[in-house]
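K.L.:
can't give you the sequence, but here's the structure:
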Ligand SMILES: Nc1ncnc2c1ncn2[C@@H]1O[C@H](COP(=O)(O)OP(=O)(O)OP(=O)(O)O)[C@@H](O)[C@H]1O
């Protein structure tokens, strides 16, 4: 599968946590990412929207350095302190919770750091539990703890709450906001949920035909609150960019793309 990455670098250059220039990915003759450009500043939270098949996961995999085998040609200079959270928690079922959190971490303080991370996600009491004993939301908390214990400069999240029920998702939003405030990783969150994107992110970008077709800042002092004109304007603009019309914009419930 052809690929041509002209530049994707950790932020040795400039102040960005990640800086993407001219990123291209193709599957056979189909270009999925086509000269994509994106900077994410340290501590900045960027949400990535796009129609199904627009290449969101392909972008995340490129950033995570997970597509070497797929493309046959790796990312030359991918950021090395990246953590990824997927829709499914991907815990090792034969290891207890704490062992999952500190998997691959060395050093005498590793287990203590793991315990601290579990406490941060509200699972201090469950360190000896087996993954199968946890609910879906709890497993996703463990997955977050496993990511953050590594203090990544860049946290990639591919629809991390997509499989959770609405109430659990709201709790996970609160948790993620708290964790990001404490650890300040740069975040790239793929989501199908326009309202989740607006609520959590500092900036919302929209991917279509291999490029970003929108890059919209949130307001500076926190996310725009539902019911305010800023919120309605941003939501309407995003829905328009996603090809969803006025009918979707007037819906009060969440809009998934
Ligand atoms: N290994 C592969 N081989 C061939 N085509 C692929 C492969 N992986 C992805 N594609 C194609 O690349 C395109 C982008 O896929 P990708 O999973 O990145 O989209 P996405 O925006 O994340 O979609 P969704 O929102 O549905 O998860 C799709 O058309 C998909 O069929």
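P.N.:
Now that the structure is in, tell me what you want to look at. Bear in mind that the values here come from a model prediction, so they are computed numbers and not experimental data.
K.L.:
Tell me the secondary structure at the residue nearest to residue 33 when sequence neighbours are not counted.
P.N.:
Of all residues not flanking residue 33 in the chain, residue 25 sits nearest, at 4.1 Å (CB to CB, 6 or more residues apart in numbering). For the C-beta atoms, the positions are set from N, CA and C on the backbone; glycine is no exception. Under DSSP: H, G, I helix; E, B strand; the rest coil, residue 25 falls in the strand class.
K.L.:
Give me the phi and psi for residue 40.
P.N.:
The phi/psi pair for residue 40 (degrees, to the nearest 10) reads phi -120, psi 130.
K.L.:
what's near enough to touch it?
P.N.:
By CB atoms under 8 Å, 6 or more residues apart in numbering, the contact set of residue 40 is 16-18, 46, 154, 186-188.
K.L.:
Please determine how far residue 174 is located from residue 200.
P.N.:
Using CB to CB, to the nearest Å, residue 174 is found at 10 Å from residue 200.
K.L.:
just to revisit the earlier point, most widely separated two among the contacts of residue 40?
P.N.:
Greatest spatial distance in these: 16 and 187, 13.3 Å, computed using CB to CB.
K.L.:
So between the two, which is more surrounded?
P.N.:
Comparing residue 16 with residue 187 by other CB atoms under 10 Å, the one with more neighbours is residue 187, at 25 against 19.
K.L.:
In the protein, where is pLDDT below threshold?
P.N.:
The model of the chain has pLDDT under 70 over residues 1-15, 67-80, 219-224, 245-257.
K.L.:
which residues in it form helices?
P.N.:
Along the chain, the stretches classed as helices by DSSP state H are 56-64, 68-71, 97-101, 110-120, 136-148, 166-183, 194-200, 229-241, 246-250.
K.L.:
for those helices, which one sits closest to the ligand?
P.N.:
Set against the ligand and scored by CB to the nearest ligand atom, the helices of the chain come closest in helix 56-64, at 3.3 Å.
K.L.:
is it true that residue 32 touches residue 55?
P.N.:
Yes: using CB atoms under 8 Å, residue 32 is in contact with residue 55, at 4.2 Å.
K.L.:
Compare the two and say which is more crowded by neighbours.
P.N.:
More crowded of residue 32 and residue 55, by other CB under 10 Å: residue 55, with 25 against 22.
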